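J.: all I have is the shape, not the residue letters:
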């Protein structure tokens, strides 16, 4: 009977996958998006701040909201000056170009690096090494605030070992766009020129800076909650992923330090797991009374990464875990 229902409902299921939400056989489909913290959406307070932002021409240095953000961020990061730019990619590129001004300059990155310094306190060691050879250190602060919250230290404590830093507002901080590059005053003069050369000079950018200010204001509270939800998913009391003891996947709860959970798979292709977690079946609806879609990306050939953010609640976390339990149960038959 269930197989017949599944076949009959196949067109509706395909439409549901295409839409990304909606309902399945009359049951509202609930989506838990764990692909990345880049999928966050501005909340009411952030939208209100954007609508009410006082603006000016930032390319002339006349936007008061941008100036407020740059001054607040400079104090937070412990640097002399910061500069607001459209993306963290541009912030990192400006930093690299600012440090490597001479032709033939060398840029040293870790293996498989995405201009990313991992959140493990290794920056200080790189800084001992860099000073020995007269090199400069740039910190890709894509998730710097997550690291600071997890380590229970001010961001400036991490940044102190670096010559420049970027800070992204469109990930865990929840802003729709924007990033900062920070460093010494002389370096920032060159950064301003490079922003202009790369097409990053903006006009009434205060509407974006206002969103970033809201994201900074509630970062501590929001990021702590994200980290706790990630830990609950990995090892909640008697109900975490580790407790499912599935032969198809494993997780190390001690490695869940921030908002990311890395799940290692055994005998199950990551793409197949992601597809199963995203799909809704007649059996699931009949068994649980719910239609839940969990969105994930394959991370490596044997792992998937789940990322928590402000749009994923404790209830969403529980629903995602129950969906994971259902899928693993099907695989174990």
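T.: Cool, got the structure. Computed from a predicted structure; not experimentally measured. Residues are numbered from 1 along each chain as shown.
J.: tell me the contacts of residue 196?
T.: Residue 196 makes contacts with residue 59, as judged by C-beta atoms under 8 Å, 6 or more residues apart in numbering. In short, each C-beta sits where N, CA and C put it, glycine included.
J.: and the gap between it and residue 60?
T.: According to C-beta to C-beta, to the nearest Å, residue 196 stands 11 Å off from residue 60.
J.: same deal with residue 191?
T.: 17 Å.
J.: the two: who's more crowded?
T.: Using other C-beta atoms under 10 Å, the more surrounded residue of residue 191 and residue 60 is residue 191, with 24 against 9.
J.: that one contacts residue 183, correct?
T.: Yes. Residue 191 is within contact range of residue 183, at 7.1 Å (criterion: C-beta atoms under 8 Å).
J.: any shared contact partners between the two?
T.: 95, 98.
J.: with adjacent residues omitted, what lies nearest to the residue nearest the centre of the chain?
T.: Closest to where the C-alpha atoms of the chain average out (C-alpha atoms, centre = their mean) is residue 37, at 3.2 Å. What sits nearest to residue 37 in space, not counting adjacent residues and going by C-beta to C-beta, 6 or more residues apart in numbering, is residue 309, at 3.8 Å.
J.: need the three-state assignment for the one you found.
T.: Following DSSP: H, G, I helix; E, B strand; the rest coil, we place residue 309 in the coil state.
J.: where's it relative to residue 36, distance?
T.: Look at residue 309 and residue 36: by C-beta to C-beta, they are 8 Å apart.
J.: now swap in residue 239 and tell me
T.: 25 Å.
J.: try residue 143
T.: 11 Å.
J.: neighbour count winner among these two?
T.: Comparing residue 143 with residue 36 by other C-beta under 10 Å, the one with more neighbours is residue 143, at 25 against 16.
J.: hang on, that one packs against residue 170?
T.: No. With contact defined as C-beta under 8 Å, residue 143 and residue 170 do not form a contacting pair (11.2 Å).
J.: neighbouring contacts of stretch 250-258?
T.: By C-beta under 8 Å, 6+ apart, the surrounding residues in contact with stretch 250-258 are 119, 143, 146-147, 149-150, 223, 226-227, 230-231, 234-235, 240-242, 261-264, 266.
J.: ok now stretch 88-103, how far from the chain's centre?
T.: Centroid separation for stretch 88-103 versus its chain: 22 Å, with C-alpha atoms, centre = their mean, to the nearest Å.
J.: what does that stretch rub up against?
T.: Residues outside stretch 88-103 that contact it (C-beta under 8 Å, 6+ apart): 83, 85, 105-107, 115, 136, 138, 140-142, 163-168, 170, 179-181, 183, 187, 190-191, 194-195, 198, 200.
J.: same thing but 7 Å
T.: Stretch 88-103 is contacted by residues 85, 107, 115, 136, 138, 140, 142, 163-164, 166, 168, 179-181, 187, 190-191, 194-195, 198, 200 when judged by C-beta atoms under 7 Å, 6 or more residues apart in numbering.
J.: kindly report the same for stretch 148-157.
T.: Contacts with stretch 148-157, where a contact means C-beta under 7 Å, 6+ apart, come from 76-78, 144-145, 158, 220, 223-224, 227, 257-258.
J.: check stretch 312-330 too.
T.: 30, 32, 34, 229, 232-233, 239, 241, 244, 246, 248, 276-277, 284, 288, 292, 294.
J.: and those residues, which of them are in helices?
T.: Taking DSSP state H as the definition of helices, the contacts of stretch 312-330 contribute 229, 232-233, 276-277, 284, 288.
J.: surely residue 311 meets residue 42?
T.: No. The criterion here is C-beta atoms under 7 Å, and residue 311 misses it with residue 42 at 10.3 Å.
J.: look at the closest residue to residue 211 other than its chain neighbours and tell me its secondary structure.
T.: Spatially, and ignoring its direct neighbours in sequence, residue 211 is nearest to residue 175 (4.0 Å; C-beta to C-beta, 6+ apart). In the three-state summary, residue 175 is assigned as coil, counting by three-state DSSP.
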